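Chemist: Fold the stuff below for me.
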Amino acid sequence: MNADQSVPPAGPPLIVIVGPTASGKSTLAVWLAEKLGGEVVACDSTQLYRGFDVGTAKPNATERRGIPHHLLDVLDAPEPATAGGYRLMALNVLEGLRRRERVPVLTVGTGLYLRALLDGLADLPQRSEDLRERLRQSRLTHPPRHLHRILQRFDPESAAKISSGDEQKLIRAIEICLLAQRPLSEVHRAGRTPLQGWRVLKIGLNPPREALNSRIQARTETMLSAGWLDEVRKLLSAGAPDASKPFEFIGYRELRSVLRGEMKLEDARAAIHQSTRRYAKRQLTWFRREPAVHWIESFGDDPEVQTKSFEYLQPLLAAK
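Modeler: Residues are numbered from 1 along each chain as shown. From the prediction side, this is the model:
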């Protein structure tokens with residue numbers, strides 16, 4: 001399933017590691033950064049938030065092994081995380097690494113953020129809280145799939161890519177259609193400025209499905225044993241708004257429900273396992289559409305995978 005990669009354009013290398021959650025992207029990134037004189041740049045919407053550490057699998061000091069990591073802990077809970085905001089921060093980080101002649105190694109959990117960085121973003125209209133609230137109220141007074149049917153009427157192409165249950169994305173898509181007075185898919189195709197001046201080299205991790213599911217389950221247990229529930233309790237006690245975006249992340253929403261008395265811990269554990277497996281599947285579906293990825297069928301902490309990754313990159317890095 002490897003994609004043929006032509007000779008990359010001139011410029012310093014930008015190494016991109018994609019793959020589902022729990023596939024070992026962070027471990028591989030640190031290993032490659034050590035070998036290549038690089039630094040790790042997170043490309044993950046969940047790891048942007050301060051204090052949300054255990055459940056986002058944010059690498060700790062030991063796991064970072066002295067390698068600088070960027071774009072971790074840059075937002076507080078009430079602040080919105082957006083693809084456009086991420087792109088601006090990432091461009092600033094990349095420019096600093098270019099000046100210092102360090103190799104950026106991106107660990108990508110959020111495909112949309114990678115797309116925004118590499119392909120650029122269209123000029124989207126600003127948020128309208130009034131319109132958003134009207135759409136939310138409309139959903140409450142209509143049958144299921146109401147928002148999805150609205151988007152299908154305005155923009156069938158975008159509707160085909162957004163789940164009927166993803167209220168946040170549906171509302172934003174409809175909002176853009178109404179404010180821009182044209183389909184979101186058409187807006188996205190217009191006016192993008194792609195990343196320039198870098199040789200983008202992509203590696204994809206695709207572990208066997210059953211092995212990945214087993215690791216997801218084991219990692220969830222490790223996170224719970226490491227104090228994930230206590231982390232959620234402390235965040236709420238410290239004043240993090242329980243309606244803020246990071247409390248909608250997998251695990252955080254379930255554990256918040258446990259603390260509210262709305263869910264038993266065992267039920268939360270099962271829900272986290274299931275949601276994480278589904279999320280990993282969605283990530284792989286997205287990343288398989290990413291062009292020019294060199295796929296490796298195992299985990300990033302496997303020494304053989306690390307060697308294969310380095311051997312793949314060596315001739316491309318030498319082609320200046």
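Chemist: Could you chop this protein up by domain?
Modeler: Residue ranges of the domains in the chain are recorded as 13-120+203-318, 129-189, according to automatic domain parsing.
Chemist: Can you say which of the ones you listed is packed in most?
Modeler: Most buried of the domains of the chain by mean neighbour count (mean count of other Cβ atoms under 10 Å) is domain 13-120+203-318; its value is a mean of 18. All C-beta spots, glycine's among them, are computed from the backbone N, C-alpha and C.
Chemist: List the contacts of the residue nearest in space to the middle of the chain.
Modeler: The chain has residue 110 as the residue nearest its centroid, 1.7 Å off, counting by Cα atoms, centre = their mean. Applying Cβ atoms under 8 Å, 6 or more residues apart in numbering, we find residue 110 in contact with 43, 44, 45, 46, 86.
Chemist: Per-residue pLDDT of it, please?
Modeler: For residue 110, the pLDDT comes out at 97.
Chemist: Check the one 4 residues further on too.
Modeler: Note for residue 114: predicted pLDDT of 97.
Chemist: what residue ranges in the chain are flagged as low confidence?
Modeler: Applying pLDDT under 70 to the chain flags residues 1-9, 191, 320.
Chemist: related to what we said a few turns ago, turn the domains of the chain into a markdown table, columns for distance to residue 197.
Modeler: Putting those into a markdown table (distance: least, Cβ to Cβ, whole Å) gives the following:
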| stretch | distance to residue 197 |
| --- | --- |
| domain 13-120+203-318 | 8 |
| domain 129-189 | 23 |
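Chemist: Which of those domains sits closest to residue 196?
Modeler: Nearest to residue 196 among the domains of the chain is domain 13-120+203-318 (9.6 Å), distances taken as Cβ to Cβ.
Chemist: now the end-to-end length of that closest one.
Modeler: Distance between the two ends of domain 13-120+203-318: 10 Å, counting by Cα to Cα, to the nearest Å.
Chemist: re earlier: can you tell which of the domains of the chain is closest to residue 195?
Modeler: So among those, domain 13-120+203-318 is nearest, using Cβ to Cβ, at 5.1 Å.
Chemist: Okay, and which of the contacts of residue 110 map to strands?
Modeler: residue 43 (DSSP state E).
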